[in-house]
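Chemist: I would like the atomic coordinates for the input below:
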Amino acid sequence: MLTCRGCMRRYLQNLIGDSSISFPPSLSRTLAATVPSSQASRRSSTVAFSPPVPSAGSASHSSADRDAGPPSPRWKDRQRWLESRGVRPAHKPAATKDADQAFVVRKHLKYLKDPLKLAEQVRKFLRDDDFETTLALVRAASKDIQCTVSWNHLIEWQLSKGKMNAAIKTYNEMKKRSQVPDARTYTIIFSGCANHPDTEHALAKVISIYQSMLTEKSLIKPNTIHMNAVLKMCARAQNMDALFAIADKMPAKGLRAPNNLTYTTIINALRISAVNDLRSTLDDKQKRENRRKAILQARVLWADVVQRWRQGDMWIDEELVCAMGRILLVGETQDNDDILSLVEQAMNIPRQVPRKGTPERALIEPGSQGKRTARPDQSQMSASNEAEPETAADEDIASAERFEPVTLTKSPSPATNASYARPGPNTLSLLMQCLLNLRLKEPASRYWKLLTKEYGLKPDSDNYHAYLRILRYARASAETLELLLEMPTSYMQSKTFRIAMSACERDKNNRNAFPTSGKILDIMETNLKVPDIFSLTRYLDLAVTAPAYSPKVSSNGESVQSKTARGRQILRALSRLGPNFLNLRSLLSYGLPTHSPTVSEDEAQKESFWKSMSSKAKSKKAEAEFKNEVLVLTRRLVGAHDILIRDGLVPKSMWAELAAQRSKLAAFITRFKNNARPVDDKSVRSSEQDKTSIVTRVRS
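Modeler: Numbers count the residues shown, from 1 in each chain. Have a look, this model is predicted:
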C-alpha cells in the first residue's frame, strides 16, 4: 500500500488534515529502505505530481529549480487542487501568487541595482496599482542598497489613496529596514495627511512625527516646508492652540524661518475662525469681541511681516496681502478703510480716497456732507473728534499697525533687496468688496481704471461682477452699460444682466435709464441662449414705473411728463419682450432640454448634448422655478396691458386689440395652471404681430 514517500505523504495528509507534514530523518531513511528498486519508475512518476518536499539535502537543488524559471502550469494546477481539498496549512499563503511575485522580484532585481532605476520601476508599477509586487520588490532591494526614494513613492501612493494608517505603517517599516527617511519623506507624509478627511486623527499623527523631528536624536530636522504643512494641518482642523504652539517656536532665521506662505496660512486660519464664530450660537457681543481679537492678532503678525520685509529676510506676494485684507473685511468700518492703506503699503498703489477721520475724508462722507456750513472751529473740533479712537478696538489698532507707507531702498546686495507685491485679480476683487462695504463709488472707478489701464491688469469674471454691484448701488446705469460693452462674452451670465437691470431700475428717475436698459437687453439677447426671465421682468417693471417725458419743454425749461410718452414706453417694452416670451413659452410648452438624446446619435453628440444642457433642467426643483418665473412674467405682461387701458395711456381705438392680447395671455396662464397644453404658436405669433402693428400706429 505505502510503496513510496508520495503515497505515505498523501495518506498522512488525509488523516491529519491541514497540518504540515514533516518526516523525521529516521523515518525517512526507513521508508527509503523499504521501497524496492522495481518501483523506482512508479516512485518517480508519483513525485512528478506532488510538490517537492523541502529538505536539507535538496535545498540547493530546489533553489536552482526556482532560478530556472517560473512554475509550470501543471504544478500550478496541482497547487490549486491541494488548496481546494483543504490539505494546505491555513497559515501558509497561496503558493501561486507567492511564486509569481517572487519570480517577478528576482527577475527585476537582476537589473535594478541602481536606486534611480529602481525608483523608476516602482513608479511604473504604482501607476498600474500593483502595490503588493512593488512592496515586495522594494523590501528585497532594501537588503543591498539604500532606496529611500522608492519607499517615498510607496508612502505617497498610499496617501493618495486615502490610506493614512497604512502609509504610517510603511514609514515605520522603512526605518526598521535601515532605510533613512529624508526631508522629502516627511514632506510627503505631512502634505498627504493634510488632505485626509479625518483631520483630528491625522493631526495627532502629524504632530507626533513633527515633535520627533525636533529631538536631538533625529537625523532630519524640520524645515520651513514641513512647518507650513503642519500649520496647514492645524488650520484645517481648526486647532488654534496647536497652531500657535508651533508658531511661537518659529526661529527668526534658520531652516524653520517663516516665509510668506507661513504667515498666509496663519492669517487665513484666523479669518476662518472669526467667520465660524459668526455662525455660532454666541451672543453678538462675544462675536464682536472674537472678531476684534482675531483682527488684532493678524495686525500684530503683519507688523512682524513688514519688519522682516524691510530687512530683506522675506518677500511678500499678492496672496499674503489679500489674506490680510480679507480678515480686515470682517471687521468694522475702520478695518475696511485700512485695506486701502494696506494695498498702498504692500503694493505701492496710492490711496484713491483720504484716510478715515481726516478733514478731507469728512468732505466726501455721506453723513458729513450736510455739515459744510458749520463754523470753522466746530468743523475742526468734529474732525479732531473723528480722528481720535472712539472704541477699545481703535485703541488696539493704534497700538499695533496702521499700515503706514513703506519706501524701499535698494541694498548693495541683490539678495536682500525687497520689492513690492504685484497686484492681480485677487487684489482688484478685494478693493471692490472693500469699497462696496464703504459705499464709495468714485474711488472704486478710479481704482478700476488705475489697475486695468496703467497696471495692465486683466479682470476676471468676479472682478466685473463686483464692480457691477458697486455701480448698481450708485445708480450708475450709463457706466454699467459701458462696462458690459467691455466685458468678455465668456464672462456674461444670468446674474450679469440681473445686476445691470437692477442698476437701471434704481436709476429710473434718470430719463435715459429706460433706453439704457434696452441696450442692455440687446446685449443679453446676443450673448445668452436662453434669456434670463428675472432680467426681462425687471425691464418691464422699469418701463411701467419709470417716468416718461414729453419732447416739449415747459416755460421754465423743465421737462414735462406725458401720458402718451409713458404709453409709448410701455408699448415699446411689450414689443421688445414679445420674441423672448415666445421662446420661453416654447420651452415651457414643449419641455426644457431634459430628454435624452436619440439612439441614432453617436457618443460625441451625446457628450456635447449633456454639456450644453441648461443647469435649470438638471432637477425638478429648478424646472419648477423656471415655470414659476415664466408665470410671473406673464402676469406682469397682463398687468402692463391693464395699465395701458385703465390709465388711458393709448388711444381708445387700440383698446380692443390690447384687450384681445390680454385675453390670450390670461388664457395661457389659466391653461398652464390647469396643466393643459397652451395655445399653439400661430395664435402667439399673431398676438406678437398685433403688438407690432399697435406700436407702429402709435409712433405714426
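Chemist: OK, contacts around Ser535?
Modeler: By CB atoms under 8 Å, 6 or more residues apart in numbering, the contact set of Ser535 is 494, 497-498, 500-501, 521, 524. Every C-beta, even on glycine, is put in place using the N, C-alpha and C of the backbone.
Chemist: next one: Gly456
Modeler: If you count contacts by CB under 8 Å, 6+ apart, Gly456 has none.
Chemist: show me the shaky parts of the stretch 501-650 of the chain.
Modeler: Low-confidence segments of the stretch 501-650 of the chain, defined by pLDDT under 70, are located at 552-559, 591-619.
Chemist: mind listing the strands for it?
Modeler: With DSSP state E, counting those that start in this stretch, the ranges of strands along the stretch 501-650 of the chain come out as 549-553, 559-561.
Chemist: quick revisit: pick out the most distant pair among the contacts of Ser535.
Modeler: Across those, no pair lies farther apart than Ser494 and Leu521, at 13.4 Å, counting by CB to CB.
Chemist: what about the two, which has more around it?
Modeler: Legend: neighbour count by other CB atoms under 10 Å for Ser494 and Leu521, higher for Leu521 (23 against 17).
Chemist: OK, contacts around the nearest residue to the more buried one once chain neighbours are set aside?
Modeler: For Leu521, the nearest residue in space outside its immediate sequence neighbours is Tyr539; the separation is 5.7 Å by CB to CB, 6 or more residues apart in numbering. By CB under 8 Å, 6+ apart, the contact list for Tyr539 reads 501, 517-518, 521, 573, 576-577.
Chemist: where does Pro115 land on pLDDT?
Modeler: As summarised for this prediction, Pro115 has a pLDDT of 89.
Chemist: the residue nearest to it when sequence neighbours are not counted - how many residues pack around it?
Modeler: Of all residues beyond its chain neighbours, the one nearest Pro115 is Cys147 (5.1 Å), with distances taken as CB to CB, 6+ apart. For Cys147, the count of nearby residues is 24 (other CB under 10 Å).
Chemist: report the contact partners of Cys147.
Modeler: With contacts defined as CB under 8 Å, 6+ apart, the neighbours of Cys147 are 115, 118-119, 138, 141, 179.
Chemist: go on, Asp241?
Modeler: By CB under 8 Å, 6+ apart, no residues touch Asp241.
Chemist: list the contacts of the helix or strand containing Ala136.
Modeler: In this assignment (DSSP states H and E), Ala136 forms part of helix 131-141. For helix 131-141, the external contacting residues (CB under 8 Å, 6+ apart) are 101-102, 104-105, 108-109, 112, 118, 121-122, 125-126, 147, 150-151, 154, 157-158, 170, 177.
Chemist: buried ones in stretch 247-254?
Modeler: When neighbours are counted by 16 or more other CB atoms under 10 Å, the buried residues of stretch 247-254 are found to be 247, 250.
Chemist: to clarify, my last question referred to stretch 144-158.
Modeler: Of the residues in stretch 144-158, those scored as buried under the neighbour-count criterion (16+ other CB under 10 Å) are 147-158.
Chemist: those residues in helices, which ones?
Modeler: When the buried residues of stretch 144-158 are checked against helices using DSSP state H, the ones located there are 148-158.
Chemist: show me what the host helix or strand of Cys234 is packed up against.
Modeler: Secondary-structure element containing Cys234, defined by DSSP H and E: helix 224-237. Contacts defined by 3 or more CB pairs under 8 Å, 6 or more residues apart in numbering; DSSP states H and E place helix 224-237 against helix 183-194, helix 199-213, helix 240-247, helix 260-278.
Chemist: got the CA positions of that helix in PDB?
Modeler: Provided in PDB are the C-alpha atoms of helix 224-237 (Å, rounded to 0.1, in the frame of the first residue of the first chain):
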ATOM      1  CA  THR A 224      10.000  75.700   6.600                       C
ATOM      2  CA  ILE A 225       8.200  73.400   4.200                       C
ATOM      3  CA  HIS A 226       7.500  70.900   7.000                       C
ATOM      4  CA  MET A 227       6.400  73.600   9.300                       C
ATOM      5  CA  ASN A 228       4.000  75.100   6.700                       C
ATOM      6  CA  ALA A 229       2.500  71.700   6.100                       C
ATOM      7  CA  VAL A 230       1.800  71.100   9.800                       C
ATOM      8  CA  LEU A 231       0.400  74.700  10.100                       C
ATOM      9  CA  LYS A 232      -1.900  73.900   7.200                       C
ATOM     10  CA  MET A 233      -3.000  70.800   9.000                       C
ATOM     11  CA  CYS A 234      -3.800  72.700  12.200                       C
ATOM     12  CA  ALA A 235      -5.700  75.300  10.200                       C
ATOM     13  CA  ARG A 236      -7.900  72.600   8.500                       C
ATOM     14  CA  ALA A 237      -8.600  71.000  11.900                       C
END
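Chemist: give me the mean pLDDT for that helix.
Modeler: The predicted model assigns helix 224-237 a mean pLDDT of 94.
Chemist: still on that earlier bit, redo the contacts of Tyr539 as CSV? Include distance to Asp284.
Modeler: Putting the contacts of Tyr539 into CSV (distance: CB to CB, whole Å) gives the following:
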residue, distance to Asp284
Met501, 35
Ser517, 40
Gly518, 46
Leu521, 43
Ala573, 45
Arg576, 48
Leu577, 46
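Chemist: the residues you listed in helices, which ones?
Modeler: Applying DSSP H to those, the entries found in helices are 501, 517-518, 521, 573, 576-577.
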